[in-house]
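Asks: Provided below for reference: sequence and predicted model.
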Amino acid sequence: MKITVVGTGHVGLVVGLCFAEIGHEVGCHDTDTAKIEALARGVTPFYEPHMDRLLQRNSERGRIRFFSDLEPHINDADVIFLCLGTPPLPNGEADLSSVEKVTRQIATHSRSYKLIVEKSTVPVLTGKRIHATMQIYGGSAPFDVASNPEFLSEGAAIHDFLHPQRTVIGVESERAEALLREIYDPILRQSFDCPIHEGCEWKGRSTPLVVTNRNSAEIIKHASNSFLATKISFINAIATLCEKVGADVEQVAAGMGLDSRIGPSFLRAGIGFGGFCFPKDLQAFCHIAEKNGYDFRLLREVERINQLQMEHFFQKIKNEVWVLKGKRIGAWGLAFKPDTDDVRFAPALAVIEKLLAEGATVAAYDPRAIKEACAALPSASHRIVYCQSAEQAASGADALVIFTEWQEFLCADFARIRESMARPLIIDGRNMFRPEEMRRRGFEYISVGRPQ
C-alpha cells in the first residue's frame, strides 16, 4: 500500500521505516529541508538502534523516499499518517498548530479519498477537530479520520513497532478499519522476516488488535503513559521511605512485582522519569481533564513527586560532597535513558544545572548524547568538560554520579577508576551495582532507596 508519513521525528521516522520494511511504499515529509536531504543521503537525524540499517535497506529497495514540500505529494497515497510534534504550551496544553496546518493542506489539495491517521500523542477530541477542519477547508473529496496511537519506547522503538504488545485503532467507518487492518496485517500476523532478530521468536505469532472509536483510542495513549509514570513515581516515593527506615527498595519492588496484578515493570527506583513523552503527556492529560471539569489531582501529584525525586537526588550529592563549589563531579550518562541520544527533560541535565549553580565543575560522558547535551546546556558550557570515555569522566573527580544506566558502565575498570579519583565516591542514581560489591572494591557507594 502507498503511505505518506508527515513528520520525521522520533515517531514518524520509525513509522515510515517500519512500514517500508514490511512491504509498503512510503513517502516521508518534513519541513526541515536539511533533515530531508540528510535522510536522502542515508544519514539519520538521531540515534535509535537498527535505524541506520533499515534506512539503507529500504532506500536501496526503493520503498521509502523523502520530501520537504508536502502539497505535490498529498495525492500520492490514500493513507496519510500524522506524526507531528505536539509540544507543551506554557499552560501544559498540547500545541496542535502543526496538526491543524497540515490538515488544512490536505483538505485544500486532496482530490481523492484520504484516510488521515493521527499517530502523534494528541488530546482526546483531536480527531473530531481534524474531521471538522477537513469539512471546513476541503472540497468534495471523501475522507475518514482515525486514531492509531504509538507505543514506542526510545531505544527499542523499532522492536516495539514490529513486535507490539497490541495495536490500537480508533475508527468511525468500516472503510477506515479495513484500510488499517490491511496496513498492519504483516505485523498482526507476524508474517515478515524480522530485520533485527534472526530466527525471531515472534515469527508466526498473532498480536492483539484493539478496535475502538476515535475518542477511546486517543485516551488509551494518554492513560497508558500516565499509568506508567504513576508506577515510577510510586516506587520512587517508596524508595524515599525505605531510606528513612533502613529498608531496601529493590527487595520491596521484587516482592510487589511478583503479584500478577502489579507486575515488575516500571518499579525501578531512580532519579525520576524524563524524555519527551511522560512529562509532556502528564501535563496534557491533566489539562484535558481540567477542560472537561475534572481535577486530576492524582497525576499532578505524580508530576510533583517526579520533580521532588530529582531535588532529593541533588541533595543526596550535596550531603555527601558537602561543599560543591570548586569540586569536580564526574557524570556518567546524559540521555534520559540508555540506547538513545535524547536529552529532552532528562533528569541528568536538571541535576547538572543545579551542580553548576553551586559552583561545581562537571566532567560528563555519554556514549551517544554529548552533542545533544552541548546544545541543551550552552550557557553553562564553560564549566562542563565533555569526555571521550567513562574513565576520563571519573579521573580527578570528587564524586562520580551515575545518571543513565548504559550497559558499558557495568564493564568499567573500577580498579583504575578508584585510583584516578580524588575521592572514591560513587552516587548511583540508577542502582546499577550491588552496594557490598562496590564497597569491596574500595568505594564509598550511595544509591537510591537502599541501606547505606
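Replies: Ah, there it is.

Asks: per-residue pLDDT, residue 52?
Replies: We note a pLDDT of 96 for residue 52 in this prediction.

Asks: list the contacts for residue 21?
Replies: Residues counted as contacts of residue 21 (C-beta atoms under 8 Å, 6 or more residues apart in numbering) are 54, 57, 58, 63, 162, 192, 195. Bear in mind the C-beta positions are built from the backbone N, C-alpha and C, glycine included.

Asks: Surely the fifth one and residue 193 touch.
Replies: No. Counting by C-beta atoms under 8 Å, no contact exists between residue 162 and residue 193, whose distance comes to 10.5 Å.

Asks: Among the contacts of residue 21, which pair sits farthest apart?
Replies: Taking C-beta to C-beta, the two most distant members of the contacts of residue 21 are 63 and 162; they sit 14.9 Å apart.

Asks: higher neighbour count, these two?
Replies: More neighbours sit around residue 162 than around the other of residue 63 and residue 162, counting by other C-beta atoms under 10 Å; the figures are 24 against 18.

Asks: Excluding sequence neighbours, find me the nearest residue to the more buried one.
Replies: The shortest distance from residue 162 to any residue other than its chain neighbours is 5.8 Å, reached at residue 18 (C-beta to C-beta, 6 or more residues apart in numbering).

Asks: what's the spacing between the one you found and residue 331?
Replies: Between residue 18 and residue 331 the computed distance is 34 Å (C-beta to C-beta, to the nearest Å).

Asks: Just want to know which of these two has more residues nearby.
Replies: The neighbour count for residue 18 versus residue 331, taken as other C-beta under 10 Å, is higher for residue 331 (29 against 24).

Asks: sec struct for that one, please.
Replies: Of the three states, residue 331 takes strand under DSSP: H, G, I helix; E, B strand; the rest coil.

Asks: Quick check: it touching residue 390?
Replies: No. With contact defined as C-beta under 8 Å, residue 331 does not reach residue 390; the gap is 10.1 Å.

Asks: Common neighbours of the two, please.
Replies: By the contact definition C-beta under 8 Å, 6+ apart, residue 331 and residue 390 are jointly contacted by residue 365.

Asks: what's in contact with the one helix or strand in the chain whose mean pLDDT sits lowest?
Replies: One helix or strand of the chain scores below all others by mean pLDDT, DSSP states H and E: helix 277-291, with a mean of 91. Outside of helix 277-291, the residues within contact range by C-beta under 8 Å, 6+ apart are 86-88, 91-94, 121, 123-124, 221-223, 225-226, 228-229, 232, 273, 295-296, 299-300, 302-303, 306, 345.

Asks: For residue 106, give me its contacts.
Replies: Contact partners of residue 106, counting by C-beta under 8 Å, 6+ apart, are 74, 80, 114, 116, 134, 138.

Asks: So which of the residues you listed sit within helices?
Replies: The helices, defined by DSSP state H, take in residue 134 from the contacts of residue 106.

Asks: what's the most distant pair in the contacts of residue 106?
Replies: The largest separation in the contacts of residue 106, counting by C-beta to C-beta, is between 80 and 138 at 13.1 Å.

Asks: who has more neighbours, the two?
Replies: residue 80 (25 against 18).

Asks: Show me what the strand or helix carrying residue 314 packs onto, helices and strands only.
Replies: Using DSSP states H and E, the secondary-structure element containing residue 314 is helix 297-321. Here helix 297-321 touches helix 214-245, helix 277-291, helix 347-357, strand 399-402, strand 425-428, strand 444-446, going by 3 or more C-beta pairs under 8 Å, 6 or more residues apart in numbering; DSSP states H and E.

Asks: what separates it from the chain centre, distance-wise?
Replies: On the basis of C-alpha atoms, centre = their mean, to the nearest Å, the separation between the geometric centre of helix 297-321 and that of its chain is 20 Å.

Asks: got the contact list for it?
Replies: 226, 229-230, 232-233, 236-237, 240, 270-273, 279, 282-283, 285-286, 289, 324, 327, 329, 347, 350-351, 354-355, 358, 398-399, 401, 425, 427, 429, 444, 446, 448.

Asks: same deal with stretch 123-143?
Replies: The list of residues contacting stretch 123-143 from outside it, by C-beta under 8 Å, 6+ apart, reads 82, 93-94, 96, 99-100, 103-104, 106-108, 110-116, 118, 145-147, 170, 214-215, 218-219, 222, 284, 287-288.

Asks: what's the offset of stretch 444-452 from the middle of its chain?
Replies: Using C-alpha atoms, centre = their mean, the distance between the centre of stretch 444-452 and that of its chain works out at 28 Å.

Asks: okay, it in CSV with CA atoms only?
Replies: As requested, the backbone C-alpha atoms of stretch 444-452 are provided in CSV (Å, rounded to 0.1, in the frame of the first residue of the first chain):
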residue,chain,number,x,y,z
GLU,A,444,32.0,4.9,49.2
TYR,A,445,28.8,3.9,47.5
ILE,A,446,25.5,5.7,47.7
SER,A,447,22.4,4.5,45.9
VAL,A,448,18.6,5.1,45.8
GLY,A,449,16.3,3.5,48.4
ARG,A,450,18.8,1.0,49.7
PRO,A,451,20.5,0.9,53.2
GLN,A,452,23.9,2.8,53.2
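
Asks: Am I right that residue 4 is in a strand?
Replies: Yes. Read with three-state DSSP, residue 4 is one of the residues of a strand.

Asks: Who does it form a beta bridge with?
Replies: Listed beta-bridge partners, residue 4: residue 27, residue 80 (assigned using DSSP bridges).

Asks: What's the local residue count around it?
Replies: A count of neighbours around residue 4, defined by other C-beta under 10 Å, yields 25.

Asks: can you pull the contacts of it?
Replies: Taking C-beta under 8 Å, 6+ apart, we find residue 4 in contact with 26, 27, 28, 29, 73, 74, 76, 77, 79, 80, 81.
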